[in-house]
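Engineer: Dropping the sequence and predicted coords here.
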Amino acid sequence: MSIRCDLRFTFTAGAGAGADAFEVVEFHLVESLSETFHLDVQLSCANPAVDFGQILDRPALLTIWQGGQPVRYVHGSVTSFQQGNTGFRRTRYRAIVEPRLARLQLASDWRIFQALSVPDIATAVLKKHAITLDYEQKVTNPHAPREYCVQAGGTDYHFVERIMREEGFFYGFLHNAEGHRLIHCDRLWIFGKQPGLPVEYNPQAGGDRPGPALRSFTYGENVRTARQTQRDYNFKNPLYNQQTKRAGEGEGEGEGEEIYCDEFGRVKVQFPWDREGRHDEHSSCWIRVSQKIAGALWGHMAIPRIGQEVIISNFDGDPDQPVITGRSFNANQRPPYELPRHKTRMPLKSQTHKGEGFNELRFEDEAGQEEILIHAQEDQNNIVNHDETTFVGHDRKEQVEHDEIIDIGHDRTETVGNDEQVTIGQDRRHDIDRDDYLTIERNHTITTGKTAPNRWATTAATRPPPTNGWRLAGTWSNGWRAMRCWKRASQLSSARALSSYRLVKSSACTAPAEPSRCTTEASHWRGSPSP
């Protein structure tokens, strides 16, 4: 036996007193937890030419009446409207009604949220769609701010749904005659305990029930995950597998700074798709920089400078974990040398911090012009802990604009295969703690610019004598002569001058063959004669 009840349905759409009157032919309503509802209404209207502009994207209300009392409201916005056949008196129409939240599926964006919790991010996104007064958050658990959260081109709806699900939020809607209210809650009881008697279960089809009733009910069991283990990676603590809290940001380094980084060499960037970024230290989080080599207190380090273009990748495709994997030139950041003119050059060139200079290591690979160039803007320091070998196949030129100091801790051997010429602009001094040996196979010529007392006054030419004896080594202006002793030894291949000198008066004797024959010997010393 069927039971009849006084149920009727009304539908209004559009705004203003001139809104058309629709009659409900049938409707199909689908509602689920944490999903947008979908109301499909078949209508009829006496107006065969309803103005679609007054219906689409306008508020709509389906009211379920029992007797003279409304028992249920379904409020939303018309997202689709269709006109059907026209009969003798009425025209058929179809309307799709969805919540205002569904409008977020039509908008997508690229943007960054920093130092905000997920509820705050959701509020900010919904606010851009004017969902403020009809929105409520029921938060029972604390939600820590996220240091860096990116909407990477997805729709606003899927972005909000994703981050809210990650934090354990559900959502649903409350309807009334004036509108519908979106409610986010991090517990399952979004609406609380519903008033009234238990819901009736009526599997028998036919007739109308006097109240809400369940027509179909299914019970089932499924195999599901019993335990879940989540691990995260943090470069500050590589062996610690928990998500860490937000790291504090450092102070800026002032106007005109070219390099802005933290203790880990991380930098901040401005994404070209970020329309809300202000090209300052708040435009992104600290982003790690991939280096050529990274070891424990060793490796390569080149920190990107302000204004350089960098290439960003993401760990495991997560836009919340960016990393700089490269750098590239652009119209504002030109290569160090004109291209393609110098396409064979491979430079490693730096820029002086807050200056115009540079350091450079450059390789030229043009055939016939191969070159390695090293340029130091200020100092160059080379440290070799053991041997150093340098081979020059042709000429070598070395120019020192100021002083040169060479400190050799042990022996030094220098071999010149041909001539050697040394030009000294002023004085030259030699300090020898012990002996000085000079071997000349042929002539030895010393020329002085002027004559001075107790100095060599004339050119002294020495040549090994054929036999042992004394030979004149030099003459002073005061009449003294220096006699140098020569001795041929059988074991020597040629005569050698011994380091023995005698001073004699020119009037007393001339080149005696034996030292004892000199009657007016003044002095005897070893070493080079000097006044």
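Structural biologist: Arrived safely, thanks for sending.
Engineer: going forward, measure contacts between C-alpha atoms and count neighbours the same way
Structural biologist: OK.
Engineer: which one's the longest strand in this structure?
Structural biologist: strand 69-86 (DSSP state E).
Engineer: Tell me the buried residues in the following helix or strand past that strand?
Structural biologist: Sequence-wise, the next helix or strand downstream of strand 69-86 (DSSP states H and E) is strand 91-98. Within strand 91-98, the residues that qualify as buried by neighbour count (16 or more other CA atoms under 10 Å) are 91-98.
Engineer: Same check on stretch 49-69?
Structural biologist: 54-57, 59-66.
Engineer: Sort the residues you listed by pLDDT and name the bottom one.
Structural biologist: Within the buried residues of stretch 49-69, residue 66 has the lowest pLDDT, namely 85.
Engineer: That residue pairs with what?
Structural biologist: With DSSP bridges as the criterion, residue 66 is bridged to residue 7, residue 69.
Engineer: For the nearest residue to residue 376 once chain neighbours are set aside, grab the count of nearby residues.
Structural biologist: Leaving aside its chain neighbours, residue 376 sits nearest to residue 359 (5.0 Å; criterion: CA to CA, 6 or more residues apart in numbering). A count of neighbours around residue 359, defined by other CA atoms under 10 Å, yields 16.
Engineer: tell me the contacts of residue 359?
Structural biologist: 349-352, 374-377 (CA atoms under 8 Å, 6 or more residues apart in numbering).
Engineer: In strands, which of those fall?
Structural biologist: Filtering the contacts of residue 359 for strands - DSSP E - leaves 349, 374-375.
Engineer: Most neighbours among the residues you listed, which one?
Structural biologist: Top of the ones in strands among the contacts of residue 359 by neighbour number is residue 374, holding 15 neighbours under the definition other CA under 10 Å.
Engineer: what is that one paired to in the beta sheet?
Structural biologist: With DSSP bridges as the rule, residue 374 is bridged to residue 361.
Engineer: Would you check that it makes contact with residue 358?
Structural biologist: No. Counting by CA atoms under 8 Å, residue 374 does not reach residue 358; the two are 10.9 Å apart.
Engineer: separation between residue 436 and residue 384?
Structural biologist: 31 Å (CA to CA, to the nearest Å).
Engineer: Correct me if wrong: residue 41 contacts residue 82.
Structural biologist: No. At 10.6 Å, residue 41 does not count as touching residue 82 under the criterion of CA under 8 Å.
Engineer: Find residues that contact each of the two.
Structural biologist: By CA under 8 Å, 6+ apart, residue 41 and residue 82 have these common neighbours: 94-95.
Engineer: When those two are compared, which one has more neighbours?
Structural biologist: Comparing residue 41 with residue 82 by other CA under 10 Å, the one with more neighbours is residue 41, at 21 against 12.
Engineer: Report the beta-bridge partners for the more buried one.
Structural biologist: Beta-bridge partners, per DSSP bridges, of residue 41: residue 27, residue 95.
Engineer: for residue 140, what are its contacts?
Structural biologist: If you count contacts by CA under 8 Å, 6+ apart, residue 140 has them with 185-187.
Engineer: picking that back up, ok, of the ones in strands among the contacts of residue 359, which one's closest to residue 223?
Structural biologist: The closest of these to residue 223 turns out to be residue 349 (CA to CA; 61.9 Å).
Engineer: The closest one and residue 374, how far apart?
Structural biologist: 10 Å.
Engineer: which residues do these two both contact?
Structural biologist: Common neighbours of residue 349 and residue 374 (CA under 8 Å, 6+ apart) are 359-362.
Engineer: re earlier: more neighbours: which of residue 436 and residue 384?
Structural biologist: Neighbours per residue (other CA under 10 Å) separate residue 436 from residue 384, with residue 436 holding more: 9 against 6.
Engineer: Report pLDDT for residue 255.
Structural biologist: pLDDT for residue 255: 52.
Engineer: Also residue 282?
Structural biologist: For residue 282, the pLDDT comes out at 89.
Engineer: How many neighbouring residues does it have?
Structural biologist: The burial count for residue 282: 14, using other CA under 10 Å.
Engineer: tell me the secondary structure for it?
Structural biologist: coil (DSSP: H, G, I helix; E, B strand; the rest coil).
Engineer: Which parts of this structure are helices?
Structural biologist: 118-128, 156-166 (DSSP state H).
Engineer: From the chain's centroid, how far away is stretch 269-283?
Structural biologist: 15 Å (CA atoms, centre = their mean, to the nearest Å).
Engineer: who's in contact with it?
Structural biologist: Contacts of stretch 269-283 (CA under 8 Å, 6+ apart): 110-112, 252, 268, 284, 287.
Engineer: Just the buried residues of these.
Structural biologist: Neighbour-count burial (16+ other CA under 10 Å) applied to those gives 110-112, 268, 284, 287.
Engineer: Considering those, which is situated nearest to residue 411?
Structural biologist: Taking CA to CA as the measure, residue 287 is the one of the buried ones among the contacts of stretch 269-283 closest to residue 411, at 54.6 Å.
Engineer: can you list the residues that contact stretch 47-66?
Structural biologist: Contacts for stretch 47-66 (CA under 8 Å, 6+ apart): 5-15, 19-20, 70-81, 86, 90-91, 97, 177.
Engineer: Going by neighbour count, which of these are buried?
Structural biologist: Buried, going by 16+ other CA under 10 Å: 7, 9-14, 20, 73-79, 81, 86, 91, 97, out of the contacts of stretch 47-66.
Engineer: Which pLDDT value does the model give residue 322?
Structural biologist: 94.
Engineer: give the contact list for the closest residue to it other than its chain neighbours.
Structural biologist: Spatially, and ignoring its direct neighbours in sequence, residue 322 is nearest to residue 314 (4.4 Å; CA to CA, 6+ apart). Contacts for residue 314 were tallied using CA under 8 Å, 6+ apart; they are 320-323.
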